[in-house]
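Enquirer: Give me a model of this one.
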Amino acid sequence: MSGHSKWSTIKRKKEKTDGQRAKIFTKVGRELTVAVKEGGPDPVSNTKLRDCIAKAKANNVPNENIERLIKKASGENDGKTYEALVYEGYGPSGVAVIVEALTDSRNRTAADLRHYFDKFGGNLGATGCVSFMFKRRGVIAVESEDLDEDTVMEHAIESGAEDFKSEDGAFFIYTEPNDLGTVAEALSALGYEFASCEVEQLPDVMTELTAPEDVAKMQKLLDMLEDNDDVQNVWHNWSEE
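Expert: Purely as a prediction, here's the structure:
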């Protein structure tokens, strides 16, 4: 679940193999579990859980799976305590990277991530070294096929969205981070289905890579990060197109 709000990025996520989708289900499930343990099983009072449910549905996690995960997380502890951690660093040629993780071993996760960055021409940095280049926003993506742009924009604004953008086959609806769940529920009630729905780290400035070796290293770094079980999200400012 890497990158930023570009329709090409979202389409690549949707085209992942069954094995990769299973890994996404596992990661989303971990987020749901942590949200329930932190704030309870009621999405009305637990806004973090509400956002996780919206994200799970956008990633095609079946409703019965979501309900089962919430019920399981409400019961006895499974013996593992997950800690939410954020790592910041640089990829090849200074590409800014933010990695969000849920881990039961911060030493293992830090060692893995440091190895990936070092191996592919980057380095982990101190907290705050790149986060100032990003802004947290709720982002909902809707495929634009057979939909009227003016109607969708009107519905989005009436639902509480703060911004709207059309981009090559999709509409992007932006919210304040804490408003994502409310806006998503309102749009879902109107019949909209989401290609993605989550709080993202959106970069202020993009970085281009021109050297083929840097492009290859950056892609391998992202692949390694996404394949790590502890990594939930990867955000970067690499302009891939």
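Enquirer: Poorly predicted segments of the protein, please.
Expert: Scanning the chain for pLDDT under 70 picks out the ranges 1-8, 10-19, 76-79, 241.
Enquirer: How about residues contacting the biggest helix by length in it?
Expert: In the chain, with assignment by DSSP state H, the single longest helix is helix 18-39. Here helix 18-39 makes contact (CB atoms under 8 Å, 6 or more residues apart in numbering) with 1, 13, 16, 45-49, 51-53, 55-56, 59-61, 65-66, 69-70, 72-74, 77, 82, 84, 102, 227, 229, 231-232. To be clear about C-beta, it is placed using only N, CA and C from the backbone, and glycine gets the same treatment.
Enquirer: Now intersect these with the strands, please.
Expert: 84, 102, 231-232 (DSSP state E).
Enquirer: Please report how far Glu167 lies from Glu149.
Expert: Taking CB to CB, to the nearest Å as the measure, Glu167 falls 11 Å from Glu149.
Enquirer: before we move on, what about Arg137?
Expert: For Arg137, the distance to Glu149 equals 20 Å [CB to CB].
Enquirer: Same question for stretch 105-121: list its buried residues.
Expert: In terms of neighbour count (16 or more other CB atoms under 10 Å), stretch 105-121 has its buried residues at 109-110, 112-113, 116-117, 120-121.
Enquirer: Can you give the domain ranges for this protein?
Expert: Annotated domains of the chain cover 7-74, 83-132+205-236, 135-203 [automatic domain parsing].
Enquirer: gap between the longest one and the chain center?
Expert: Taking CA atoms, centre = their mean, to the nearest Å, one finds the center of domain 83-132+205-236 at 14 Å from the center of the full chain.
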